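> quick one, structure for this:
(one chain, ligands or ions: 2)
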Amino acid sequence: MDPIDMMVTDINCEDLGLSRLCLMENAGKCLSDEIATISTFTFSKPVKIAIFTGSGGNAGDGFVAARHLLNRGFEVEIFMLTSPKDIKSIDAQINFEILENMVPCISRLKIIELNDSSDIDNIELVKSDSFSEYIIVDGILGTGIKGDLRKKVKKSIEVINNSNALKISIDVPSGMNPLTGKINDIAVKPEYTITFHKVKTGVKKASLNNESSVGGLVICDIGIPIEAEIFVGNGDLIRLKNRDDVSHKGNNGRILIVGGNKDYHGAPTIAGLSAMSSGADLVYIATPESTSLAIKQKSPDLIVKGLNNCNGSKNYLNLDNLDEIMTIIDKNNIDAILIGPGSGLNEETGKLFNILVKKIDIPIVLDADALKLVNPLLIKDKDNLIVTPHLKELKIFFNDYVDDYIDDLNNLSNISNFDKDFDKFNEKLSVLQSITRNINGTVVLKGKYDLIFNGINFRVNRTGNSGMTVGGTGDSLAGIATSLLSQGLNSYDAGALATYLNGKAGDFAKEQYGNGFLASHLSEFLGILMENIY
Ligand SMILES: NC(=O)C1=CN([C@@H]2O[C@H](COP(=O)(O)OP(=O)(O)OC[C@H]3O[C@@H](n4cnc5c(N)ncnc54)[C@H](O)[C@@H]3O)[C@@H](O)[C@H]2O)[C@@H](O)CC1
Ligand SMILES: [K+]
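Numbers count the residues shown, from 1 in each chain. Ligands and ions are numbered 1, 2, ... in the order given. Predicted coordinates for the structure are as follows:
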């Protein structure tokens, strides 16, 4: 499991009512059980436990384990590389305070603060080389490591590695990149790594390349249900990069929306406003000249390009607009494009869309009318692509592929209502994945529960409400998805987060405006949601 997916899952547990503090308690308890078992198998006489801690959740696991190990009769010494006030993880802080509150301390616990690198040399047991009587627990760094190792951390890792104690790393050997398994400078070389829920991708890679860099791998279940991985939640927001303080206009996403016709100016407008409110810096709309004025009047924030060759009887997008659209993309360094909202189903519009899709290699969202006009064979190999159909549109879009599955597909009426019957759901999901496996991109199937999937994985979004059947909420979703693609998310993550944000904005809109809220209200609430980053 990638470290980012683990962090997202940890946060999303909260949506199910499972607190992160509880997860840490489970992790620390499992850790102490494993340490006790390893100690029994390895040593003939009781050993002491030395826990080295940093400032994050990894240290928190160590603090919890200390409490449980004391109860098992072990003597525990905690060597803190961070002063208590600098502990960054709230849950680690809480667990440290429990230990600190044990005054007068009747248990065999010592807490030693290592204020600078020289303190490490002065640790009594390092000097006396009595580490052989110890198990060292490495709770310095876990999945939250960033950049070069700080001096004190590096020094401690050297001391730990030079000792002849048995070493156990918590979750990830400190110093190892949890995603790649690479060690830039130095990392703890443990006899065991005890990890939680699932092995982190880098630890797995390192273990396959060189087992001794990780030691024996123990995976502990800490009670995270599969739903916490599958349901999209607030945690998914951490996939977005923090905005750089020195970034300037356009650095955080430039998108182009190609859509609208003489009857539909609202669809591209709503998509554009939701795209801006979900973080894109610049939103361009390419639309027939006759439609452009209405969009311009609706919002001063959108950059609206009225396309000339739609004049006269051609109040819809057509092949004559291709060059102008390509110029907008190139000149403005467009990062992602949304094709389809309000375009209508004219055959000439279809020709334009198909050639456009073939020519461009930036991330694409196909929505609404584009799903009836674009040939899925053209997008087969594009992985940075999202299609956002409801079930009827899905059947139309994948029509060419469904021969083998036509009966199954016709039975797929209620997939998004999620029958309680898990086998039935799985059966339906596997039919969907068989069909959509013909494209490399992501399918966002809209419904009561949105289903986001590709040929291998799937997520479920539960936000939103019955008020969202109002026209335009799908345009808003497509705008958000395009905005997230322009901000660097891949199609799977962008599709998932877009459904969550759109539905959550709908829930806020319902609170504010009642059941009669409008799709154009959604953008009002997106900004607040985007701020809600853990
Ligand atoms: N509820 C949760 O969030 C859970 C977290 N878990 C534990 O928490 C860990 C993740 O916690 P965090 O995200 O706080 O990450 P870490 O525990 O890896 O700590 C990150 C902190 O270390 C410091 N740091 C980062 N890079 C550094 C460097 N190069 N040199 C020196 N110091 C550096 C920074 O202060 C940063 O805030 C997991 O690996 C796991 O052990 C588990 O308890 C399971 C539940
Ligand atoms: K560690």
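
> gap between residue 222 and ligand 2?
According to Cβ to the ion, to the nearest Å, residue 222 stands 16 Å off from ligand 2. (Each C-beta comes from the backbone N, C-alpha and C, glycine too.)

> list the contacts of that residue.
Residue 222 sits next to 23, 26-27, 30, 196-197 when contact means Cβ atoms under 8 Å, 6 or more residues apart in numbering.

> quick check: which element contains it?
For residue 222, there is no helix or strand it lies in under DSSP states H and E.

> how about residue 199?
Using DSSP H and E, residue 199 falls outside every helix and strand.

> show me the contacts for it.
Counting by Cβ under 8 Å, 6+ apart, residue 199 has contacts 1, 207, 217, 219.

> any chance of a markdown table for the residues you listed, columns pLDDT and distance to ligand 1?
Shown next, in a markdown table, are the contacts of residue 199 (pLDDT from 0 to 100; distance: Cβ to the nearest ligand atom, whole Å):
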| residue | pLDDT | distance to ligand 1 |
| --- | --- | --- |
| 1 | 95 | 12 |
| 207 | 95 | 16 |
| 217 | 96 | 14 |
| 219 | 97 | 13 |
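
> for ligand 2, what are the nearby residues on the stretch 401-534 of the chain?
By Cβ under 5 Å from the ion, no residue of the stretch 401-534 of the chain approaches ligand 2.

> listing request: residues of the stretch 401-534 of the chain with sub-threshold pLDDT.
Within the stretch 401-534 of the chain, the segments meeting pLDDT under 70 span 401-421, 532-534.

> in it, which spans are helices?
Remark: helices assigned in the stretch 401-534 of the chain by DSSP state H, counting those that start in this stretch are 406-410, 422-436, 473-486, 491-513, 522-531.

> quick check: residue 450 vs residue 510, distance?
17 Å (Cβ to Cβ, to the nearest Å).

> for the residue in the stretch 151-300 of the chain that ligand 1 sits nearest to, what are its contacts?
Proximity of the stretch 151-300 of the chain to ligand 1 (Cβ to the nearest ligand atom) peaks at residue 171, 3.6 Å away. With contact set as Cβ under 8 Å, 6+ apart, residue 171 has these partners: 58, 61, 142-143, 178, 193-196, 200, 203.

> likewise for residue 476?
Neighbouring residues of residue 476 by Cβ under 8 Å, 6+ apart: 270-271, 273-274, 502, 505, 519, 522-523.

> just among those residues, which is most surrounded?
The most crowded member of those, judged by other Cβ atoms under 10 Å, is residue 271 (37 neighbours).

> that residue against residue 340, yeah?
No. With contact defined as Cβ atoms under 8 Å, residue 271 does not reach residue 340; the gap is 9.2 Å.

> who touches both of these two?
Counting by Cβ under 8 Å, 6+ apart, the residues touching both residue 271 and residue 340 are 259, 367, 478.

> which of those residues sits closest to ligand 2?
Taking Cβ to the ion as the measure, ligand 2 sits nearest to residue 478 out of the shared contacts of residue 271 and residue 340, at 42.0 Å.

> got the contact list for the residue nearest to that closest one when sequence neighbours are not counted?
Nearest non-adjacent residue to residue 478, counting by Cβ to Cβ, 6 or more residues apart in numbering: residue 367, 3.8 Å away. Residues near residue 367 by Cβ under 8 Å, 6+ apart: 271, 338-341, 387-388, 474-475, 477-478.

> mind doing that once more with 7 Å?
Counting by Cβ atoms under 7 Å, 6 or more residues apart in numbering, residue 367 makes contact with 338, 340-341, 388, 474, 478.

> ramachandran coordinates for it?
In terms of degrees, to the nearest 10, the main-chain angles of residue 367 are phi -140, psi 160.

> quick one: contacts for residue 317?
By Cβ under 7 Å, 6+ apart, the residues touching residue 317 are 258, 288, 307, 310, 343, 349, 352.

> can you give me the neighbour number for the residue nearest to residue 233 when sequence neighbours are not counted?
In space, residue 233 comes closest to residue 12 once its chain neighbours are excluded; the distance is 3.6 Å by Cβ to Cβ, 6+ apart. Using other Cβ under 10 Å, residue 12 is surrounded by 22 other residues.

> what helix or strand is residue 12 on?
Taking DSSP H and E as the definition, one finds residue 12 inside helix 3-12.

> would you mind finding the most buried of the helices of the stretch 401-534 of the chain?
With neighbours defined as mean count of other Cβ atoms under 10 Å, the helices of the stretch 401-534 of the chain peak in mean count at helix 473-486, which reaches a mean of 31.

> what angle separates it from helix 491-513?
Angle of helix 473-486 versus helix 491-513, following axes from the mean of the first three to the mean of the last three Cα atoms, to 10 degrees, is 130 degrees.

> closest to ligand 2 out of the contacts of residue 367?
Of all the contacts of residue 367, ligand 2 sits closest to residue 388, with 40.9 Å by Cβ to the ion.

> follow-up on the earlier one: next SSE downstream of the helix holding residue 12?
Note on helix 3-12: by DSSP H and E, the next helix or strand toward the C-terminus is helix 20-42.

> neighbouring contacts of that next one?
With contact meaning Cβ under 7 Å, 6+ apart, helix 20-42 is reached by 10, 13-14, 47, 49, 57, 60-61, 64-65, 68-69, 72, 91, 94-95, 135, 137, 166, 168, 170, 192, 194, 196, 218, 220, 222-224.

> and it, what's buried?
For helix 20-42, burial by neighbour count (16 or more other Cβ atoms under 10 Å) applies to 20, 23-36, 38-39.

> what helix or strand does residue 365 sit in?
Using DSSP H and E, residue 365 sits within strand 364-366.

> pull the CA atoms of whichever helix or strand comes after that strand into PDB?
Toward the C-terminal end, the helix or strand that comes next after strand 364-366 (DSSP H and E) is helix 370-373. Presented in PDB, the C-alpha positions along helix 370-373 are these (Å, rounded to 0.1, in the frame of the first residue of the first chain):
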ATOM      1  CA  ALA A 370     -19.500  13.900 -25.400                       C
ATOM      2  CA  LEU A 371     -20.300  10.400 -24.000                       C
ATOM      3  CA  LYS A 372     -22.800  10.000 -26.900                       C
ATOM      4  CA  LEU A 373     -20.500  11.500 -29.500                       C
END
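
> and helix 370-373, what other elements does it pack with?
helix 347-359, helix 391-397 (3 or more Cβ pairs under 7 Å, 6 or more residues apart in numbering; DSSP states H and E).

> what's the longest one in contact with?
In this case it means helix 347-359. By Cβ under 7 Å, 6+ apart, helix 347-359 touches 316-319, 321-322, 325-326, 339, 343, 364, 370, 373-375, 378-379.

> residues of the stretch 51-200 of the chain that sit close to ligand 1?
The stretch 51-200 of the chain comes close to ligand 1 at residues 54-58, 60-61, 88-89, 91, 141-150, 153, 170-172, 196, as judged by Cβ under 6 Å from any ligand atom.

> just the ones of the residues you listed in strands?
Judged by DSSP state E, these include 170, 196 as members of strands.

> now the residues of the stretch 51-200 of the chain next to ligand 1: which count as buried?
54-58, 60-61, 89, 91, 141-145, 149, 153, 170-172, 196.

> if we check ligand 2, which of the residues you listed are in contact?
Residues of these in contact with ligand 2 (Cβ under 5 Å from the ion): 58, 170.
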